[in-house]
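Chemist: Test case, fold it:
(2 chains)
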Amino acid sequence: EAAVTQSPRNKVAVTGGKVTLSCNQTNNHNNMYWYRQDTGHGLRLIHYSYGAGSTEKGDIPDGYKASRPSQENFSLILELATPSQTSVYFCASGELDYAEQFFGPGTRLTVL
Amino acid sequence: EQQVQQSPASLVLQEAENAELQCSFSIFTNQVQWFYQRPGGRLVSLLYNPSGTKQSGRLTSTTVIKERRSSLHISSSQITDSGTYLCAMERGSNNRIFFGDGTQLVVKP
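Modeler: Residues are numbered from 1 along each chain as shown, chains lettered A, B, ... in the order given. Predicted coordinates:
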């Protein structure tokens, strides 16, 4: 079974600060994804990656950057955090040719 | 436009009753995945069901691609089944999936 972990699990940041959310997967999946989940909007895709060195924009990429330095790791970066980015963030991974995805436990981010 | 519609939005059952959750898609898809989520918790993949019927324990998913719908049947519900059930479909060639807003299930003793 896919093992996806995220850190930190909870984070409080100040407006204008830089925040980095990390994701690690141990199943050697090529694809990795970052979502945010908000009441009334469901899960929305921010960025995704097909493999080390690749990042692609999802549906709501503004205000976020992503980095995929290795097969296992995928980071989401908020250079200048804003209160509107307060949310729960989920990372997921999946194999290259299949849409089935496996999710991490989530990171609850509060931007004050 | 909401790509994935789920119904009902919420459902309350007595323990041991069966539940039927529905998912419909605005466009054709060939990959459907059902997830379970506790409040504030991890999304757990329940069934990955591209088409036809797939069963896992008390869960049965039926996907009818031509009719752009999928259902999740939960038999003999238990209190621990309470939570949110999310349907997701793949669209396009890059394995991206799109989620519905979920069905909130409450199972009472």
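
Chemist: Contacts only, for B:Gly102.
Modeler: A:42, B:6, B:9, B:37, B:84-87 (C-beta atoms under 8 Å, 6 or more residues apart in numbering or on different chains). Glycine gets a C-beta too; all of them are placed from N, C-alpha and C.

Chemist: got a winner among those residues for most neighbours?
Modeler: B:Cys87 (30 neighbours; other C-beta atoms under 10 Å in any protein chain shown).

Chemist: Residues in contact with whatever helix or strand that one lives in: which ones?
Modeler: Assigned by DSSP states H and E, B:Cys87 belongs to strand B:83-90. Applying C-beta under 8 Å, 6+ apart, the contact partners of strand B:83-90 are A:42-43, A:99, A:101, B:3-4, B:6, B:21, B:23, B:25, B:29-39, B:41, B:43, B:46, B:70, B:72, B:96-100, B:102-105.

Chemist: if we can go back for a sec, so which two of the contacts of B:Gly102 are the farthest from each other?
Modeler: Greatest spatial distance among the contacts of B:Gly102 (C-beta to C-beta): B:Ala9 and B:Gln37, at 14.7 Å.

Chemist: mind showing which ranges of chain B have poor pLDDT?
Modeler: Applying pLDDT under 70 to chain B flags residues B:1, B:40, B:92-94.

Chemist: Going by residue numbers, what spans are strands in it?
Modeler: Using DSSP state E, the strands of chain B run over residues B:4-7, B:10-14, B:19-25, B:32-37, B:43-48, B:52-56, B:59-64, B:69-74, B:83-90, B:97-99, B:103-108.

Chemist: Show me what the shortest one is packed against.
Modeler: Read it as strand B:97-99. Applying 3 or more C-beta pairs under 8 Å, 6 or more residues apart in numbering or on different chains; DSSP states H and E, we find strand B:97-99 packed against strand B:83-90.

Chemist: Kindly recompute the last result at 10 Å.
Modeler: Applying 3 or more C-beta pairs under 10 Å, 6 or more residues apart in numbering or on different chains; DSSP states H and E, one finds that strand B:97-99 contacts strand A:31-38, strand A:42-49, strand B:4-7, strand B:32-37, strand B:83-90.

Chemist: Pull up the pairing partners for it, direction included.
Modeler: If you go by DSSP bridges, strand B:97-99 pairs up with strand B:83-90 (antiparallel).

Chemist: Report the distance from the strand it pairs with to the chain centre.
Modeler: Distance of strand B:83-90 from its chain centroid, counting by C-alpha atoms, centre = their mean, to the nearest Å, is 5 Å.
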